[in-house]
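In: Just need the structure, nothing else, for what follows:
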Amino acid sequence: MSHLEKRANRYYAVLTVPEDVRSTIGRLRYVQSTGTEDRAEAKLRAAILVAGWKSEIAKARGKRPDPKATFWENLRRDYIEAQGNGDEAVQFAIEAAAEVAAEKVSNPAEAAKLYTFATNQMGTLLAPLVEGWKGSMRRLAQKTIDQRHRDVKRMADHFVSVEALKPKQVKEWTDKLIKEGATVATMERIFDGCRSFWRYLQDELVVPVEAADPFAGSFRLARNRATRNTVDRQSFTSEDLAKVYDAARSKGDTALADLIALGAYTGARIEELCSLTVETSKDGVFSIVDSKTEAGIRQVPVHPKLRALVKRLQEASIDGYLIPSTAAGQYGVRSDPLSKRFGYLKTKLGFGPGHVFHSIRKTTATLLEQAGVPEGIAADILGHEKKTLSYGLYSTGSSLKDKLNAITKVCYPSSLDRPE
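Out: Purely as a prediction, here's the structure:
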């Protein structure tokens, strides 16, 4: 460590202030006596002083004053540098400094974690891997990416290192989440993010590709014990959905009526439908390129009864999208205003909180099942992940011809049978 200077018979801790923060901090250099002539003791005291100064520099740069990102991170960086230089004296000094600081932490478990972090005993850190994983999620909507990142970062802050991801430790963490009030929906959402992150670790060979997912068992148990405070979604009958469609048309909300028709004959999610463009609706096929899941990236044949409607929407489009939207906000979720209008309309018609736009997916799935469509083909139409090893892992999916034959079996009564 190059932060010691000997003046007369005593050692001083020193650190040059970076140019970009000198005006904020008001000095060019930190200098303070360690109060000792013993070099080993001086290294110990200097390590503590320098870590504090680096924390001040980080704050001056506008960084969040998080202890692990400043004091403890600086200790860890200097420790790794000393390991690389083979300087055992510096390593000893930092270990002593970390021990003194850890004794001031009230939570013993947290103190032990911080000490092992500072002395580079934690193995492969999760934090930088989480950021790499976030950058790999290019197919998802930004809102979904940000939510998954928050969930997985929460996990990484708890475990800190890859090596800490063990089934028993994950079980303890999920127990903690449940005690804090996590619902079934929250646990499922966090699990989706953690599962995606684990696959990323396997893809990057950070963990062996054959390594068992440490999250799977614990989250499966946790879902059974978590609070269910959400309303179960219910399916519209085909007659009820036709009623909602007719009401949208009678109200003059053509965009909403068109959206309902598209959902009825594709089973697609509302944002998938609102993201359809003229370019992604060519040659009798809807190409869904933006979905909340990997399985959601798919091609869905245009139902014969939608062809006239799709042609009209293509010709009327002024911004490239099939469904017009007035969406605004941080993420520009095009479905938001239409979702709200759908909610108001269905409530006015007497449908409760269990009936939402997503219920149309259930309606389509029900009609496919009642028509005898094989589950694998229905999953490829709806964008569901296949659970079996043979189909889920190895199959490239159903053909467009098979999907068209299947979707053609979906039909509705009233004017929804002939949307134009």
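In: count of residues packed around residue 312?
Out: 15 (other Cβ atoms under 10 Å). The C-beta positions use only the backbone N, C-alpha and C, and glycine is treated the same way.
In: Please list all residues in contact with it.
Out: Contacts for residue 312 were tallied using Cβ atoms under 8 Å, 6 or more residues apart in numbering; they are residue 420.
In: How about the secondary structure of residue 380?
Out: helix (DSSP: H, G, I helix; E, B strand; the rest coil).
In: Distance check, the nearest residue to it once chain neighbours are set aside against residue 407.
Out: Spatial nearest neighbour of residue 380, excluding adjacent residues (Cβ to Cβ, 6 or more residues apart in numbering): residue 398 at 4.3 Å. Per Cβ to Cβ, to the nearest Å, residue 398 is found 11 Å from residue 407.
In: Now for residue 162: which residues touch it?
Out: Taking Cβ under 8 Å, 6+ apart as the test, what residue 162 contacts is 123, 124, 125, 126, 129, 201, 206, 207.
In: Let me know the pLDDT of it.
Out: Per-residue pLDDT puts residue 162 at 87.
In: For residue 419, see how far away it is.
Out: 52 Å.
In: do residue 373 as well
Out: Applying Cβ to Cβ to residue 373 and residue 419 gives a distance of 21 Å.
In: For the stretch 51-200 of the chain, which residues score under the pLDDT cut-off?
Out: Applying pLDDT under 70 to the stretch 51-200 of the chain flags residues 63-70, 89, 122.
In: part of a helix, is residue 318?
Out: No: counting by three-state DSSP, residue 318 falls outside a helix, being coil.
In: pLDDT score for it?
Out: 92.
In: what's around it, how many residues?
Out: Residue 318: 6 neighbours (other Cβ under 10 Å).
In: so the nearest residue to it once chain neighbours are set aside, which of the three states?
Out: What sits nearest to residue 318 in space, not counting adjacent residues and going by Cβ to Cβ, 6+ apart, is residue 324, at 7.5 Å. Secondary structure for residue 324, judged by three-state DSSP, is coil.
In: same deal with the one 3 residues further on?
Out: The local conformation at residue 327, judged by three-state DSSP, is coil.
In: what does residue 286 give?
Out: Going by three-state DSSP: residue 286 is strand.
In: so who does it touch?
Out: Residue 286 is in contact with 266, 268, 276, 280, 299, 300, 301, 302, counting by Cβ under 8 Å, 6+ apart.
In: mind checking the backbone torsions on the fifth one?
Out: The phi and psi torsions at residue 299 (degrees, to the nearest 10) take the values phi -120, psi 130.
In: Burial check on it, number of neighbours?
Out: When neighbours are counted by other Cβ under 10 Å, residue 299 comes out with 16.
In: quick one, which of residue 398 and residue 407 is more surrounded?
Out: Taking neighbours as other Cβ under 10 Å, residue 398 and residue 407 compare with residue 407 leading, 26 against 22.
In: thinking again about what came up before, wait, which of the contacts of residue 162 is closest to residue 244?
Out: Checking the contacts of residue 162 against residue 244 by Cβ to Cβ gives residue 201 as the nearest, at 44.2 Å.
In: so that closest one makes contact with residue 209?
Out: No: between residue 201 and residue 209 there is no contact under Cβ atoms under 8 Å: 9.7 Å.
In: quick one, which of the two is more surrounded?
Out: Shown here are residue 201 and residue 209; by other Cβ under 10 Å, residue 201 has more neighbours (21 against 9).
In: dump the residue contacts of the more buried one.
Out: 129, 133, 162, 207.
In: Just the ones of these in helices?
Out: Counting by DSSP state H, these place 129, 133 in helices.
In: Neighbour-wise, give me the winner out of the contacts of residue 201.
Out: residue 133 (23 neighbours).
In: check contacts around that one.
Out: Contacts of residue 133 by Cβ under 8 Å, 6+ apart are 152, 196, 197, 200, 201.
In: which one of the residues you listed sits closest to residue 55?
Out: Scanning the contacts of residue 133 for proximity to residue 55, where the rule is Cβ to Cβ, the winner is residue 152, at 26.6 Å.
In: so how many other residues sit close to that closest one?
Out: 24.
In: That one contacts residue 197, correct?
Out: Yes: counting by Cβ under 8 Å, residue 197 is a contact partner of residue 152 at 4.9 Å.
In: Need the residues touching each of these two.
Out: 130, 133.
In: domain ranges for the protein?
Out: Residue ranges for the domains of the chain, per automatic domain parsing: 4-118, 126-225, 238-417.
In: Of all the ones you listed, which one is nearest residue 232?
Out: domain 238-417 (5.9 Å).
In: chain center to that closest one, what's the gap?
Out: 24 Å (Cα atoms, centre = their mean, to the nearest Å).
In: got the contact list for stretch 107-123?
Out: 67-68, 72, 75-76, 79-80, 83, 91, 94-95, 98-99, 101-103, 105, 160-164.
In: Just put the contacts of residue 286 in TSV and tack on distance to residue 381.
Out: Shown next, in TSV, are these (distance: Cβ to Cβ, whole Å):
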residue	distance to residue 381
266	7
268	9
276	15
280	16
299	9
300	6
301	8
302	12
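In: pLDDT weak spots in the stretch 251-400 of the chain?
Out: Using pLDDT under 70, the stretch 251-400 of the chain drops low at 291-292, 295, 328-332, 386-397.
In: just the strands in it please.
Out: 285-288, 298-301 (DSSP state E, counting those that start in this stretch).
In: Give me whichever of these is most buried.
Out: By mean neighbour count, with neighbours taken as mean count of other Cβ atoms under 10 Å, strand 298-301 ranks first of those at a mean of 21.
In: Could you export the domains of the chain as a markdown table, including distance to residue 232?
Out: Listed next are the domains of the chain as a markdown table, based on distance: least, Cβ to Cβ, whole Å:
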| stretch | distance to residue 232 |
| --- | --- |
| domain 4-118 | 38 |
| domain 126-225 | 11 |
| domain 238-417 | 6 |
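In: quick revisit: kindly indicate which of the contacts of residue 133 lies nearest residue 288.
Out: residue 196 (18.8 Å).
In: top helix in the protein by residue count?
Out: Per DSSP H, the chain has its longest helix at helix 39-60.
In: Can you list the helices and strands that it packs against?
Out: Using 3 or more Cβ pairs under 8 Å, 6 or more residues apart in numbering; DSSP states H and E, the elements in contact with helix 39-60 are strand 4-7, strand 10-16, helix 22-25, strand 29-33, helix 71-85, helix 88-102.
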